[in-house]
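> quick one: sequence plus predicted model below, questions after.
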Amino acid sequence: MSKQVADIQIHAADSQESLDTDDGLDISVDLIDDNLYLGNLACARDRDTLQRLGVTHLLTIDVVPLPRAVLDTTKLHVEYLKLADVPKEDLITHLPATNEYIKKAINNGGTVLVHCYFGVSRSAAVVIAYIMDKYKLRYDDAFTLVKGKRRFVAPNVGFVAQLKLFGHMGCEINKEDPRFKQFRLRLAGQKLKEVKILPQSFLELVKEDPGLARERPSPLVYRCASCRRVLATQGNLLPHKERGERDKRQGRGKGRTSHDSGKDNGEILIEKLQTLASEMSVRGGAGSRDSSVDRDHGGSEEVLDGYSEQNMVDACIVPAAVAGACRRVWFVEPMRWMRGVTHASSGKLHCPKCQAKIGSFNWIMGCRCPCGQKVAPAFYLVPSKVEWANIVQNVQTTPQERPACARRGGAPHRRLRRIQGARGDPPINSRRTAARAPFATSCSDE
């Protein structure tokens, strides 16, 4: 037991020298699929083992790459993905690239070894994603398949949530999926909390102002109730499940999960040691192996929607087509008309035309919907201040096309001449239906 704890401490140390010395790790590797191995760092560093297995491609997933001494003595194609074994790490955006790397190597007759430090969480998550994509499996089925080949497979809770989201999107990145949008917003919120400004890599999350768009993809819009200025379209919504329905579903699933069934003492010990390593990497000071981990939270974690604050996937966000989505408050994406969203962690939302208060935003704490569900980050519109409208879009003619009235010498019809203006005024002579929202409640900022 003391030897295993010492190994964990070495794993948590952020030192290149720790990779160049014998840290006591035993070689651990298993064949998961045709020409695909899953192992640990000791296996990746052992030339004899790599030659015996016929490995031609290495995929390293760790906070530091393999030592140069190892790379110079092996004629392998090596790819490196910097990733810490903590739940809030962004794994999902790398999965299409890792899947393509493994697939291409195997199709060209190569043999791939995917490894991290222990071969338990990070590398296992990448291999599970590949199995999900190759065999079109759900996460639970792919996890069972991989665990049947390698006993010690246990991705952390954040990676599990991201793998499930990856499966829901068809094993690809769908940037229009509300769940993926919220995932990216959570990552952006963490960065904004650290550097006090939204990094440039996340600026694409702030969408164009629909009130200034010349063409709208959807005729369903949300307008200021005072001046009818367009504020959002249906595509900007981030719908969520009502708290009551979600609690009932969770209640039916309480008890043992498929991951807990059949665990022996060895597997439980590995998971405890893995948790200890994550905690040490978060709490560690200068000797921490993962210096990029956010240490502001310390040992306290706020539970959001059944997951810890470290988990970046918000399980309450659902696709727009799902029936039963809450309509008490409209959560939307951040947009350019929202003042302060790129440099303030929270604030009020005002109509850009009449300056009426229509909602609020909070990158860090989010807000709680009247249904009881908490959403973070949150950019919401108060239904009593906003109206929903179904606007039939005007016909836009190309320069080659001329209205019939113009060809006859008459004045062009007003409806064909005037297109939606930059100020967001509703189209003239267009059919529309508008109604005040049935709910007059608002979020409670926390």
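Cool, got the structure. Numbering: from 1, shown residues only.
> helices of the stretch 51-200 of the chain, residue ranges please.
68-72, 95-107, 122-135, 139-149, 157-168, 178-195 (DSSP state H, counting those that start in this stretch).
> where does this structure have low pLDDT?
Along the chain, segments meeting pLDDT under 70 span 1-24, 215-217, 244-311, 320-323, 392-446.
> okay, domains of it per the record?
The chain breaks down into these domains under automatic domain parsing: 2-174, 183-241+316-445.
> format these as CSV; extra columns: mean neighbour count.
The way it works is simple: take the backbone N, C-alpha and C, and place the C-beta from them, glycine included. Below are the domains of the chain laid out as CSV (neighbours: other Cβ atoms under 10 Å):
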stretch, mean neighbour count
domain 2-174, 19
domain 183-241+316-445, 17
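> part of a helix, is residue 30?
No - counting by DSSP: H, G, I helix; E, B strand; the rest coil, residue 30 falls outside a helix, being strand.
> relative to residue 314, how far out is the nearest residue to residue 237 once chain neighbours are set aside?
Nearest residue to residue 237, sequence neighbours excluded (Cβ to Cβ, 6 or more residues apart in numbering): residue 332, at 5.9 Å. Applying Cβ to Cβ, to the nearest Å, the value for residue 332 to residue 314 is 15 Å.
> one step back: CSV please, covering the helices of the stretch 51-200 of the chain and showing distance to residue 89.
Shown next, in CSV, are the helices of the stretch 51-200 of the chain (distance: least, Cβ to Cβ, whole Å):
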stretch, distance to residue 89
helix 68-72, 24
helix 95-107, 12
helix 122-135, 8
helix 139-149, 17
helix 157-168, 7
helix 178-195, 10
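> right, and those helices - which one's nearest residue 226?
helix 178-195 (27.8 Å; Cβ to Cβ).
> okay, the helix or strand following the closest one in PDB with CA atoms only?
Later in the chain than helix 178-195, the nearest helix or strand by DSSP states H and E is strand 220-224. Presented in PDB, the C-alpha positions along strand 220-224 are these (Å, rounded to 0.1, in the frame of the first residue of the first chain):
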ATOM      1  CA  LEU A 220     -39.300  32.800 -34.600                       C
ATOM      2  CA  VAL A 221     -37.800  35.700 -32.700                       C
ATOM      3  CA  TYR A 222     -37.900  37.200 -29.200                       C
ATOM      4  CA  ARG A 223     -38.400  41.000 -29.000                       C
ATOM      5  CA  CYS A 224     -38.400  43.700 -26.400                       C
END
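> the next helix or strand after strand 220-224 pairs with which strands?
Following strand 220-224 in sequence order, the next helix or strand is strand 230-233 (DSSP H and E). With DSSP bridges as the test, strand 230-233 is paired with strand 220-224 (antiparallel).
> the closest residue to residue 175 other than its chain neighbours and residue 127, how far apart?
Nearest residue to residue 175, sequence neighbours excluded (Cβ to Cβ, 6+ apart): residue 181, at 7.4 Å. From residue 181 across to residue 127, the span is 27 Å (Cβ to Cβ).
> give me the phi and psi angles of the nearest residue to residue 338 once chain neighbours are set aside.
Closest residue to residue 338 apart from its sequence neighbours, by Cβ to Cβ, 6+ apart: residue 349 at 5.7 Å. Dihedral angles phi and psi of residue 349 (degrees, to the nearest 10) take the values phi -110, psi 130.
> for residue 349, give the beta-bridge partners.
Beta-bridge partners of residue 349, as defined by DSSP bridges: residue 359.
> follow-up on the earlier one: and of the helices of the stretch 51-200 of the chain, who's closest to residue 359?
Closest among the helices of the stretch 51-200 of the chain, using Cβ to Cβ: helix 178-195, at 15.6 Å.
> name the helices or strands packed onto that closest one?
helix 157-168 (3 or more Cβ pairs under 8 Å, 6 or more residues apart in numbering; DSSP states H and E).
> what's the spacing between residue 333 and residue 341?
According to Cβ to Cβ, residue 333 and residue 341 sit 10 Å apart.
> next up, the contacts around the nearest residue to residue 159 once chain neighbours are set aside.
Spatially, and ignoring its direct neighbours in sequence, residue 159 is nearest to residue 125 (4.3 Å; Cβ to Cβ, 6+ apart). Counting by Cβ atoms under 8 Å, 6 or more residues apart in numbering, residue 125 touches 91, 155, 159-160, 162-163.
> need the contact list for the residue nearest to residue 237.
Applying Cβ under 8 Å, 6+ apart, the residues contacting residue 332 are 222, 232, 236-238, 379-381.
> make TSV out of these and add secondary structure and distance to residue 326.
Output for the contacts of residue 332, formatted as TSV (DSSP: H, G, I helix; E, B strand; the rest coil; distance: Cβ to Cβ, whole Å):
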residue	secondary structure	distance to residue 326
222	strand	15
232	strand	16
236	helix	16
237	strand	11
238	coil	11
379	strand	15
380	strand	11
381	strand	13
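> which single one of those is nearest to residue 113?
Relative to residue 113, and with distances defined as Cβ to Cβ, the nearest of the contacts of residue 332 is residue 238, at 39.7 Å.
> how near is that closest one to residue 88?
Relative to residue 88, and taking Cβ to Cβ, residue 238 is found at 20 Å.
> could you do residue 344 as well?
Residue 344 is 22 Å from residue 88, by Cβ to Cβ.
> go on, residue 231?
On the measure of Cβ to Cβ, residue 231 and residue 88 end up 31 Å apart.
> residue 353 too?
Counting by Cβ to Cβ, the gap from residue 353 to residue 88 is 38 Å.
> before we move on, what about residue 134?
Counting by Cβ to Cβ, the gap from residue 134 to residue 88 is 28 Å.
> likewise for residue 76?
Per Cβ to Cβ, residue 76 is found 31 Å from residue 88.
> was I right about residue 169 contacting residue 178?
No - judged on Cβ atoms under 8 Å, residue 169 makes no contact with residue 178 at a distance of 10.9 Å.
> pretty sure residue 365 contacts residue 376?
Yes - using Cβ under 8 Å, residue 365 is in contact with residue 376, at 6.2 Å.
> what distance do you get for residue 192 to residue 342?
Residue 192 is 8 Å from residue 342, by Cβ to Cβ.
> quick revisit: ok, the residue nearest to residue 175 - contacts?
Counting by Cβ under 8 Å, 6+ apart, residue 181 makes contact with 175, 205, 238, 317, 333.
> do residue 71 as well
Contacts here follow Cβ under 8 Å, 6+ apart; on that basis residue 71 touches 65, 78.
> try residue 177
Residue 177 touches 168-169, 319, counting by Cβ under 8 Å, 6+ apart.
> correct me, but residue 85 touches residue 122?
Yes - in terms of Cβ under 8 Å, residue 85 counts as a neighbour of residue 122; the distance is 5.4 Å.
> and for these two, which residues touch both?
With Cβ under 8 Å, 6+ apart, residue 85 and residue 122 have common neighbours residue 116.
> all helices for the stretch 301-446 of the chain, in order.
With DSSP H, counting those that start in this stretch as the criterion, the stretch 301-446 of the chain has helices spanning 404-407, 414-417.
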